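Undergrad: Starting from these lines, generate the structure:
(chains A, B and C)
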Amino acid sequence: MPVITLMTDFGIKDGNTGVMKGVIWGICSTAQISDLSHLIPAQDIREAAYIFARSVPYFPKGSIHVVVVDPGVGTARRPMAAQIGDWFYVGPDNGTITGLLERAEQEGWQTMFVELKEKTYWLQTISYVFHGRDIFSPVAAHLANGVPLQELGTPFDEPVRLELPKPTRTDHGWRGEVTHIDHFGNISANIRVEHLSDALQEKERILVRLSGSEINGMVNTFGERPIGELVALIGSTGNLGIAVVNGNAVQQLGTKVGDSVEVVYT
Amino acid sequence: MPVITLMTDFGIKDGNTGVMKGVIWGICSTAQISDLSHLIPAQDIREAAYIFARSVPYFPKGSIHVVVVDPGVGTARRPMAAQIGDWFYVGPDNGTITGLLERAEQEGWQTMFVELKEKTYWLQTISYVFHGRDIFSPVAAHLANGVPLQELGTPFDEPVRLELPKPTRTDHGWRGEVTHIDHFGNISANIRVEHLSDALQEKERILVRLSGSEINGMVNTFGERPIGELVALIGSTGNLGIAVVNGNAVQQLGTKVGDSVEVVYT
Amino acid sequence: MPVITLMTDFGIKDGNTGVMKGVIWGICSTAQISDLSHLIPAQDIREAAYIFARSVPYFPKGSIHVVVVDPGVGTARRPMAAQIGDWFYVGPDNGTITGLLERAEQEGWQTMFVELKEKTYWLQTISYVFHGRDIFSPVAAHLANGVPLQELGTPFDEPVRLELPKPTRTDHGWRGEVTHIDHFGNISANIRVEHLSDALQEKERILVRLSGSEINGMVNTFGERPIGELVALIGSTGNLGIAVVNGNAVQQLGTKVGDSVEVVYT
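TA: Reported below is the predicted structural model:
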């Protein structure tokens, strides 16, 4: 059974994400549909790109991922579908795929981008303001039914990309920034396990600085330290994380996405 | 695979909406189940009716829609199932179907209403306070299995209806009221595309008044105006909408459901 | 089609619960997956145990329930799978199953507990901090595919149990405590229909005391009393409940989980 996910900034109170599922099942009745998140902050394409890049690789080959964080809906921005490695993206051409695309280029995965033009794969009536329902959901369902990507429109080469911040090497470590704060108030930075690599052999010699606090030494997991203690660790997707054991690091530190994070090898 | 949706005021923290799915799959293991919303404000049948009417037509023919916003649970209010056009409703007879029923009458769709009485299609033990689990979910699952509507109980003619406010024609336009506020803080009114029809040929001559503000001219979509600007447009279900581009109109205007909205042809 | 549920304290904004579904469908593409709750308060195993015990019996035989409220992730706490009556649990051995296990013992249901050890049923790479994705979801999917419980690891006898508070008999009734507060602000206590049994023949003679208030007489359902009135009734899972008709009892009374509740036969 084909797998389709939905990610939007629509929230979950108004029925709109349910409607997208209705449209999909009307075209592909066997689709397995999962919500990825509908609480992306309004118009926050960067947050969508971050969750998209880290989540999609855990889905089966051929799965189709509809993302609608779309401040430009109804304007000239391109509606698109893409193959990135083993997975498909359907949504606006606004940079949402940037993170996964960078990974595809590192890994040598195949990519293909198509501007959606074939209206036979859309709903009959297209509103100006809800392309998630009228264009992207039906296109995803037709992809799930086996319609080839190139039948949906016209291939193109350069999708819009966000400038995602990259960490920089310093004399004694790395400087990066906060890229995500999760439901628990745990903090993720763009410094990754690959950057720290050898230094992780001596976790106790790594110093992490952010928001005016210092954490001496890194741990493998929360339970290694007492409740309430601030810890640094490698999170589940390979990013440097900062957390309070059974607590809320963001409440304690006042950290925001974009804040500076520094790693020093002592 | 049959499609069932769930809409309630139960929230999503207590497991009750999951339990309804468990009951359904115990009877119809192939059902595709989608949440429509579980954040209907407590006991707000009007909000449920609004989302029901605009969402259901996007679901496949034969889909079954369970709605449990049910302040009268366990009292004399009728439990019911209905066919309205191509779709089925299962829930209390409390007016939730009003909006879709009005549309059915305009469009000449077939309707049938049945008071639920056949306990063979219910769970064995019926609580006083959770008919969503004990009556409506199992009935929906049996409908999905192909049990005819009329086997579930006794047909009746006049389901309960809400008095939904209608817009009125004025000398120079229309006067209506706010019917819904969405996750983004966008405002919907009961003035619809059909009311404005010809006037929409000259969008720039339409003036919209609400909450002490005036909007001169209507647009097709958000991106036609700068971020932060108040705009009026036709929303995705044909209702007059008022929004702030990439912002929150309700926060800016202090508007509430029920507030007056006026359209003037200048 | 096999049924799997997910319950976590992960929230719903970060994509992690979607990722668990992706992992499951990669192994068992036909699984019907329902969220039970992802808003368990962080690390609140007792709340998870409460919802688990009351929800699971409404799911079909053979259904598999993944619960990840796991402050000990990555430490020495056992990862486990269990059969409890007709249902399966997959998650940490931390007491989450206590309530259902007590019921199994009362009812004489079969139980079996296995420490997860067979890494062929896990993802290839195991993070320290997201066993929900790396261990529990794939194990649940393999169970859904028919892998026998005992192939997943080593049987053991004494799973961790929480000390769940029990009500005590008083001279003229029962004393218990508040165990759950739901989305509506309705209050549940650990005093159950079985405790009150004969007394319920004369509901009007039962007095309920909590948070400095007294409720004289019990009702069957909310609609028997005027809006705004405080009522006591038997909730949908057999527990004593206290509610305000169409209102919020917790806001009115200031009650918290753990507060004392008293029933007096007058």
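
Undergrad: Other residues contacting stretch A:198-214?
TA: Residues outside stretch A:198-214 that contact it (CB atoms under 8 Å, 6 or more residues apart in numbering or on different chains): A:173, A:178, A:187, A:189, A:193, A:196, A:215-220, A:230, A:232, A:234, A:240, A:242, A:253-255, A:259-266. Any C-beta I mention is one placed from the backbone N, CA and C, and that applies to glycine too.

Undergrad: Give me the subset of these that lies in strands.
TA: A:173, A:178, A:187, A:189, A:215-216, A:230, A:232, A:234, A:240, A:242, A:260-265 (DSSP state E).

Undergrad: Quick one: buried ones out of these?
TA: Among those, those scoring as buried are A:173, A:178, A:187, A:189, A:215, A:230, A:232, A:234, A:240, A:242, A:261-264 (criterion: 16 or more other CB atoms under 10 Å in any protein chain shown).

Undergrad: Chain C next: which of the ones in strands among the contacts of stretch A:198-214 are close?
TA: Counting by CB under 8 Å from any CB of the partner chain, residue A:234 from those sit close to chain C.

Undergrad: now for the buried ones among the ones in strands among the contacts of stretch A:198-214, which pair is the farthest apart?
TA: With CB to CB as the measure, no two of these lie farther apart than A:173 and A:230, at 18.2 Å.

Undergrad: Next, see if the host helix or strand of residue A:67 gets close to chain C.
TA: Taking DSSP states H and E as the definition, one finds residue A:67 inside strand A:64-68. No - shown here: strand A:64-68 not in contact with chain C (CB under 8 Å from any CB), separated by at least 9.7 Å.

Undergrad: which other helices and strands contact the very next helix or strand once past that strand?
TA: Once strand A:64-68 ends, the next helix or strand along the chain (criterion: DSSP H and E) is strand A:79-84. Contacts defined by 3 or more CB pairs under 8 Å, 6 or more residues apart in numbering or on different chains; DSSP states H and E place strand A:79-84 against strand A:87-92, helix A:98-107, strand A:111-116, helix A:137-144, strand A:153-156.

Undergrad: and of those, who's closest to chain B?
TA: Among the helices and strands packed on strand A:79-84, the nearest to chain B by CB to the nearest CB is helix A:137-144 (9.1 Å).

Undergrad: and the closest one with strand A:111-116, angle?
TA: What separates the directions of helix A:137-144 and strand A:111-116 is an angle of 130 degrees, with axes from the mean of the first three to the mean of the last three CA atoms, to 10 degrees.

Undergrad: Name the residues that touch helix A:137-144?
TA: Against helix A:137-144 from outside (CB under 8 Å, 6+ apart): A:2, A:4, A:20-21, A:23-28, A:31, A:64, A:66, A:79, A:81, A:88, A:90, A:116, A:121-123, A:149, A:152.

Undergrad: same thing but at 7 Å, please
TA: Contacts with helix A:137-144, where a contact means CB atoms under 7 Å, 6 or more residues apart in numbering or on different chains, come from A:2, A:4, A:20, A:23-24, A:27-28, A:31, A:64, A:66, A:81, A:88, A:90, A:116, A:121-123, A:152.

Undergrad: which SS state does residue A:5 fall under?
TA: Assigned by DSSP: H, G, I helix; E, B strand; the rest coil, the conformation of residue A:5 is strand.

Undergrad: got the contact list for residue A:88?
TA: Here residue A:88 is in contact with A:64-65, A:81-82, A:143 (CB under 7 Å, 6+ apart).

Undergrad: Repeat the analysis, applying 8 Å as the threshold.
TA: With CB under 8 Å, 6+ apart, residue A:88 has these contacts: A:62-65, A:81-82, A:140, A:143, A:149.

Undergrad: List only those of those residues flagged as buried.
TA: Judged by 16+ other CB under 10 Å, buried ones among these: A:63-65, A:81-82, A:140, A:143, A:149.

Undergrad: Residue numbers of chain A in contact with chain B?
TA: A:9-16, A:18-19, A:21-23, A:25-26, A:29-31, A:33, A:42-43, A:71-75, A:77, A:127-130, A:133-134.

Undergrad: how does it look with 7 Å?
TA: Residues of chain A lying near chain B by CB under 7 Å from any CB of the partner chain: A:10-15, A:18-19, A:21-23, A:25-26, A:29-30, A:42-43, A:71-75, A:127-130, A:133.

Undergrad: Please name the nearest non-neighbouring residue to residue A:20.
TA: In space, and not counting its chain neighbours, residue A:20 is closest to residue A:137: 4.4 Å by CB to CB, 6 or more residues apart in numbering or on different chains.

Undergrad: An error on my part: the question was meant for residue A:30.
TA: residue A:1 (4.8 Å).

Undergrad: rewinding a little: how many neighbouring residues does the residue nearest to residue A:20 have?
TA: Neighbourhood size, residue A:137 [other CB atoms under 10 Å in any protein chain shown]: 31.

Undergrad: now do the one 5 residues further on
TA: Here the neighbour count serves as a burial measure; for residue A:142 (other CB under 10 Å) it reads 23.

Undergrad: Then the one 10 residues further on?
TA: A count of neighbours around residue A:152, defined by other CB under 10 Å, yields 23.

Undergrad: Can you give me the domain assignment for chain A?
TA: Listed domain ranges for chain A are A:3-156, A:168-265 (source: automatic domain parsing).

Undergrad: Just the residues contacting stretch A:121-132, thanks.
TA: A:8, A:20, A:23, A:68, A:70, A:73-74, A:79, A:134-135, A:138-139, A:142, A:147, A:152, B:220-222, B:233, B:235-236.

Undergrad: same check, this time on stretch A:151-165
TA: Residues contacting stretch A:151-165 (CB under 7 Å, 6+ apart): A:45-46, A:49, A:80-82, A:93-95, A:97-99, A:112-118, A:121, A:139, A:177, A:190.

Undergrad: Convert that stretch to PDB, retaining C-alpha atoms only.
TA: Extracted C-alpha coordinates of stretch A:151-165, given in PDB (Å, rounded to 0.1, in the frame of the first residue of the first chain):
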ATOM      1  CA  GLU A 151       3.600  13.100 -16.800                       C
ATOM      2  CA  LEU A 152       2.600  15.600 -14.200                       C
ATOM      3  CA  GLY A 153       4.300  18.600 -15.900                       C
ATOM      4  CA  THR A 154       7.500  20.000 -17.200                       C
ATOM      5  CA  PRO A 155      10.900  19.100 -15.800                       C
ATOM      6  CA  PHE A 156      13.200  21.900 -14.600                       C
ATOM      7  CA  ASP A 157      16.600  22.100 -13.100                       C
ATOM      8  CA  GLU A 158      17.000  24.600 -10.300                       C
ATOM      9  CA  PRO A 159      14.500  24.400  -7.600                       C
ATOM     10  CA  VAL A 160      14.400  27.300  -5.100                       C
ATOM     11  CA  ARG A 161      16.800  26.800  -2.200                       C
ATOM     12  CA  LEU A 162      17.000  28.300   1.300                       C
ATOM     13  CA  GLU A 163      20.300  29.400   2.600                       C
ATOM     14  CA  LEU A 164      20.600  27.000   5.500                       C
ATOM     15  CA  PRO A 165      23.300  28.200   8.000                       C
END
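
Undergrad: Just give me how far that stretch sits from the chain centre.
TA: Counting by CA atoms, centre = their mean, to the nearest Å, stretch A:151-165 is centred 16 Å from the centre of its parent chain.

Undergrad: Also stretch A:243-250?
TA: 22 Å.

Undergrad: Flag every buried residue along that stretch.
TA: Counting neighbours by 16+ other CB under 10 Å, stretch A:243-250 gives A:243-247, A:249-250 as buried.

Undergrad: so which of those would you say is closest to residue A:58?
TA: Nearest to residue A:58 among the buried residues of stretch A:243-250 is residue A:243, at 21.3 Å by CB to CB.

Undergrad: Chain neighbours aside, what residue packs nearest to that closest one?
TA: residue A:186 (4.3 Å).

Undergrad: Contacts only, for that neighbour.
TA: Applying CB under 7 Å, 6+ apart, the residues contacting residue A:186 are A:241, A:243, A:249.

Undergrad: Please verify my assumption that the second one contacts residue A:232.
TA: Right, the one you point to is residue A:243. No - contact criterion CB atoms under 7 Å: residue A:243 and residue A:232 do not qualify, at 8.1 Å.
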